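A.B. asks: Predicted model follows, preceded by the sequence.
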Amino acid sequence: MMIMNMKFVDREAELEAIGERMASDKFELVVIYGRRRVGKTRLILEALKGTDYIYYLAVDSNNLRHFLRLASKKAPELAHVREDWESVFEFLKDRIVVIDEFPNLLKENPELISIFQRIVDVQLQGTRTKLILSGSSISMMKGKVLAYKSPLFGRRTSSIKLRPLTFLSLRGFFPSISLEELAEIYGFSDGIPYYVKRVKIPFWEWLEEELSSPDTFLKDEVDFLLKYEFSEPSTYKRILEAIAHGKNTPKEIREHSGLRHSDITPYLRNLMDVELVSREVPLTEGWSSKRGRYFLTDNFLSFWFRFIQPNLSLIEEGVSDIRSIRESYSSYMGLIFEKIVRELVVEMIKRGALKIRVSRLGRWWGKEEEIDLVVVDDSKRKALLVEAKWSKLGKREVKRVLRDLERKGDLILPEYEKEYLVVARRAEESDRVWDLRKVEKILCSTEPIRHGAR
């Protein structure tokens, strides 16, 4: 099993933004937030390399005492300071101070947000202090720190919502494997650095070893994630499970989760607020469409509910069978591959390999039909319709998929000129059919690749 030498990948824009704030000659309040495991702490520490800073990871209780003890190591004059936040920051002017998992401070003392407002307004304005507040609870960071009603509203000078890495960014971790192998890893890890860095090559050997470990992180990871956001996560967990199993409408989610007589709208709204769930509507319809569907936002949640939760007892007993996961992984990868293809198509458009301007893009579905991706150029009244197939297509299958895509194309945007593209795991290639090998060639080439019209 190959252990990769993991490095800091991507995040150049975020590093540059933080670096500019740290180099300024005025007070800066930088807010960094994003889901747990997305790499916030590593980003901050990477950005602060070569500087003198105070870093504190907030815990459940006694944070002021812990912070004072830690900060005293960098600022000995704090050793005899009165134990309150305002007195402490009086001695931290012109320093770089990082408080990681800031929501833990607010859970311990909800009034602290107003205290920090006074610290910023009275003590730190006009200084060269750099204060970085980071948090994994998206609901608290948005509601208590960034919201209009927050005492700190308007004080931040920069905010970064750290998102998962892109599919193509994972090549920085695994430069020697094919896009096909990378896609399988992405189906497990998404672009969450914590999960990506745990993976070793070959992926399936590593996963078998991980599942057989008595202390595997996979058993408790989702419970740990949900407890960051919700005090009573059980209902949310049932809703996420339903969506992971392909129940995408409110009616389907209610029935699968056993909440038939409950109003699940507030739960779905909360899940969207913390960005565990997204809502999509057909490309040709507005946000208020009654055809809206709900999807999990990251692949790790999908993987966990599909393969880990149903097998928790077997995993606890050390007898889970990796073959059962591998045998059904291709069907699981269907929706994951749609997400990958969307990213690849956007990248191909940027590189000029696909000649279309983007006014809109997204899925489309009707009563019984669905198109994986539609890219629309409203200015030229053109559209590119894309089918994603995580399968190996021979000539006969390619013709059938293209005919079906053309038939579905007649159902939408009737006055638009249409082009068609099938992106498959493996396929007989043509101008209108790409597989991952062809995509790999495009990514390694600066030459635009011609795409044929209907």
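C.D. replies: Now that the structure is in, tell me what you want to look at.
A.B. asks: For residue 168, which residues are in contact?
C.D. replies: Residue 168 makes contact with 343, 344, 347, 443 under the criterion Cβ atoms under 8 Å, 6 or more residues apart in numbering. The C-beta positions use only the backbone N, C-alpha and C, and glycine is treated the same way.
A.B. asks: Where do the domain boundaries of the chain fall?
C.D. replies: Domain ranges of the chain: 12-161, 168-332, 335-443, per automatic domain parsing.
A.B. asks: Turn the ones you listed into CSV, including mean pLDDT.
C.D. replies: As requested, those are arranged in CSV below (pLDDT from 0 to 100):
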stretch, mean pLDDT
domain 12-161, 96
domain 168-332, 95
domain 335-443, 95
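A.B. asks: ok, which stretches of the stretch 251-400 of the chain are strands?
C.D. replies: Under the criterion DSSP state E, counting those that start in this stretch, strands of the stretch 251-400 of the chain are mapped to 277-280, 293-296, 360-365, 370-377, 382-393.
A.B. asks: Can you tell me what sits against stretch 330-349?
C.D. replies: Contacts of stretch 330-349 (Cβ under 8 Å, 6+ apart): 166-168, 183-184, 186-187, 295, 299, 302-303, 306-307, 354, 356, 358, 361, 363, 372-373, 375, 384, 386, 388-391, 421, 423, 425, 439, 442-443, 449.
A.B. asks: filter those to the buried ones?
C.D. replies: Among the contacts of stretch 330-349, those classed as buried by 16 or more other Cβ atoms under 10 Å are 166-168, 183-184, 186-187, 295, 299, 302-303, 306-307, 354, 356, 361, 363, 372-373, 375, 384, 386, 388-391, 421, 423, 425, 439, 442, 449.
A.B. asks: Wait, residue 155 touches residue 119, no?
C.D. replies: No. Using Cβ atoms under 8 Å as the test, residue 155 is too far from residue 119 to be in contact (9.9 Å).
A.B. asks: which residue is nearest the middle of this structure?
C.D. replies: Computing the C-alpha centroid of the chain and ranking residues by Cα atoms, centre = their mean puts residue 164 first, at 3.6 Å.
A.B. asks: The nearest residue to that one once chain neighbours are set aside: what secondary structure?
C.D. replies: Spatially, and ignoring its direct neighbours in sequence, residue 164 is nearest to residue 191 (3.4 Å; Cβ to Cβ, 6 or more residues apart in numbering). Reducing the assignment at residue 191 to three states with DSSP: H, G, I helix; E, B strand; the rest coil gives coil.
A.B. asks: And for residue 426?
C.D. replies: In three-state terms, and counting by three-state DSSP, residue 426 is strand.
A.B. asks: Can you get me a residue count around the nearest residue to it once chain neighbours are set aside?
C.D. replies: Distances taken as Cβ to Cβ, 6+ apart put residue 392 closest to residue 426, at 4.1 Å, once the chain neighbours are dropped. By other Cβ atoms under 10 Å, the residues close to residue 392 number 13.
A.B. asks: Contact partners for residue 392?
C.D. replies: So residue 392 contacts 424, 425, 426, 427 (Cβ under 8 Å, 6+ apart).
A.B. asks: farthest-separated two in these?
C.D. replies: The span of the contacts of residue 392, defined through Cβ to Cβ, is set by 425 and 427 at 7.7 Å.
A.B. asks: what comes up buried for the longest helix along the chain?
C.D. replies: Identified as the longest helix of the chain according to DSSP state H is helix 322-350. By neighbour count with 16+ other Cβ under 10 Å, helix 322-350 contains the buried residues 322, 325, 329, 332-333, 335-342, 344-349.
A.B. asks: mind checking how far the residue of the chain positioned farthest from its centre is from residue 122?
C.D. replies: For the chain, the residue at maximal distance from the C-alpha centroid (Cα atoms, centre = their mean) is residue 80, at 43.8 Å. Separation of residue 80 from residue 122 (Cβ to Cβ, to the nearest Å): 22 Å.
A.B. asks: Residue 362 and residue 287 touch, don't they?
C.D. replies: No. Using Cβ under 8 Å, residue 362 makes no contact with residue 287, being 11.7 Å away.
A.B. asks: Please work out how many residues are found near residue 377.
C.D. replies: For residue 377, the count of nearby residues is 18 (other Cβ under 10 Å).
A.B. asks: and if you look at residue 124?
C.D. replies: Per other Cβ under 10 Å, the neighbour tally for residue 124 reads 24.
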